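Student: return atomic coordinates for the entry below.
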Amino acid sequence: MTELLQEPSILTVDQILARMRELAPGFPPGDGVGVFHGMYLTVTELVAAKLTSGYFTDPAALALLDSLFAGRYLAAVDADAAGQRPPACWRPLFELRRRPGIHPLQAALSGMNTHIEHDLPLAVMDTAQRLGRDPLSFEADYRRVNELLAQVEAQVRAQLLPEPDPLRVAEPLLHVLGVWSIDRARAAAWDTVLALRGLRHAPLAYRAMVAALDDSVGVVSRALLTPLAA
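Tutor: Numbering: from 1, shown residues only. Model (predicted):
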């Protein structure tokens with residue numbers, strides 16, 4: 001198969017966890033990237049625990065997918081730390097990470113939108129390419145991860161949603177967050193996998209779609225970060 005992507009370097013799941021735990025204390029309170037990072041660390045720890053519990057049908061392939069998936073986020077972190085611009089899909093979160101008027105839950109879901117709708121389908125394609133397999137062979141375990149993500153998203157919403165008192169903020173926040181759901185994001189990501197799978201042997205069209213995905217996901221991620229107050 002024609003090589004279509006510049007593949008990120010691979011870390012093991014344990015190395016990914018070690019790197020994320022090392023980075024976690026460096027985010028100041030209220031930092032939007034730090035909010036997403038904490039949530040994503042919880043997800044990664046949960047997936048790592050399930051890799052040895054019989055939860056996944058193909059834990060070796062899922063471990064590779066998880067590493068490639070996380071590697072795309074960590075590459076954005078490294079780019080920003082080096083004074084470089086991360087991919088367009090990640091720029092809203094990094095550019096608005098300390099913007100007043102943005103609720104922490106907005107940051108968490110903006111990061112989830114970027115990571116799921118952009119990074120996840122590309123990581124599935126990366127994994128299929130490295131293993132020489134059809135991306136459809138990962139579908140069953142892909143669906144199993146949905147349950148884990150939904151569990152963590154529910155926890156994050158419960159922890160970060162404001163109490164009923166500050167209605168001036170809560171009402172517009174609930175309006176903004178009501179347009180996004182993890183189920184729709186994961187379904188859209190799988191649809192992207194199917195589209196990219198059909199373009200595997202058309203490199204120009206494949207790259208054009210990847211570029212368009214980067215931009216379009218960034219638009220939604222920025223909309224999720226609409227300031228609610230000055």
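
Student: does L109 touch L225 like I think?
Tutor: No: look at L109 against L225 with CB atoms under 8 Å: they stay out of range, at 9.2 Å. For the C-beta atoms, the positions are set from N, CA and C on the backbone; glycine is no exception.

Student: more crowded one of the two?
Tutor: Per other CB atoms under 10 Å, whichever of L109 and L225 has more neighbours is L109, with 27 against 24.

Student: any idea which element that one lies in?
Tutor: helix 104-114 (DSSP states H and E).

Student: quick check: mean pLDDT of that helix?
Tutor: For helix 104-114, mean pLDDT rounds to 93.

Student: which strands and helices sit next to the helix or strand just after it?
Tutor: Per DSSP H and E, helix 104-114 leads on to helix 120-131 as the next helix or strand towards the C-terminus. Counting contacts by 3 or more CB pairs under 8 Å, 6 or more residues apart in numbering; DSSP states H and E, helix 120-131 packs against helix 59-81, helix 182-198.

Student: single out the most deeply packed of the ones you listed.
Tutor: Stretch with highest mean neighbour count among the helices and strands packed on helix 120-131: helix 59-81 (a mean of 20; mean count of other CB atoms under 10 Å).

Student: can I get the CA coordinates of that one in PDB?
Tutor: The C-alpha trace of helix 59-81 is given here as PDB (Å, rounded to 0.1, in the frame of the first residue of the first chain):
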ATOM      1  CA  PRO A  59      -5.200  -6.100  22.700                       C
ATOM      2  CA  ALA A  60      -1.800  -6.000  20.800                       C
ATOM      3  CA  ALA A  61      -3.400  -4.000  17.900                       C
ATOM      4  CA  LEU A  62      -5.400  -1.900  20.300                       C
ATOM      5  CA  ALA A  63      -2.200  -1.000  22.200                       C
ATOM      6  CA  LEU A  64      -0.600   0.100  19.000                       C
ATOM      7  CA  LEU A  65      -3.700   2.100  18.100                       C
ATOM      8  CA  ASP A  66      -3.700   3.700  21.600                       C
ATOM      9  CA  SER A  67       0.000   4.700  21.300                       C
ATOM     10  CA  LEU A  68      -0.400   6.200  17.800                       C
ATOM     11  CA  PHE A  69      -3.500   8.000  18.900                       C
ATOM     12  CA  ALA A  70      -1.900   9.500  22.000                       C
ATOM     13  CA  GLY A  71       1.200  10.300  20.000                       C
ATOM     14  CA  ARG A  72      -0.700  12.800  17.900                       C
ATOM     15  CA  TYR A  73      -1.800  14.800  20.900                       C
ATOM     16  CA  LEU A  74       1.700  14.700  22.400                       C
ATOM     17  CA  ALA A  75       3.100  15.900  19.100                       C
ATOM     18  CA  ALA A  76       0.800  19.000  19.400                       C
ATOM     19  CA  VAL A  77       2.000  19.600  23.000                       C
ATOM     20  CA  ASP A  78       5.600  19.300  21.900                       C
ATOM     21  CA  ALA A  79       5.100  21.600  18.900                       C
ATOM     22  CA  ASP A  80       3.500  24.300  21.100                       C
ATOM     23  CA  ALA A  81       6.300  23.900  23.700                       C
END
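
Student: what helices or strands is it leaning on?
Tutor: helix 13-23, helix 32-50, helix 120-131, helix 139-160.

Student: let's see that with 7 Å instead.
Tutor: Helices and strands touching helix 59-81, by 3 or more CB pairs under 7 Å, 6 or more residues apart in numbering; DSSP states H and E, are helix 13-23, helix 32-50, helix 120-131.
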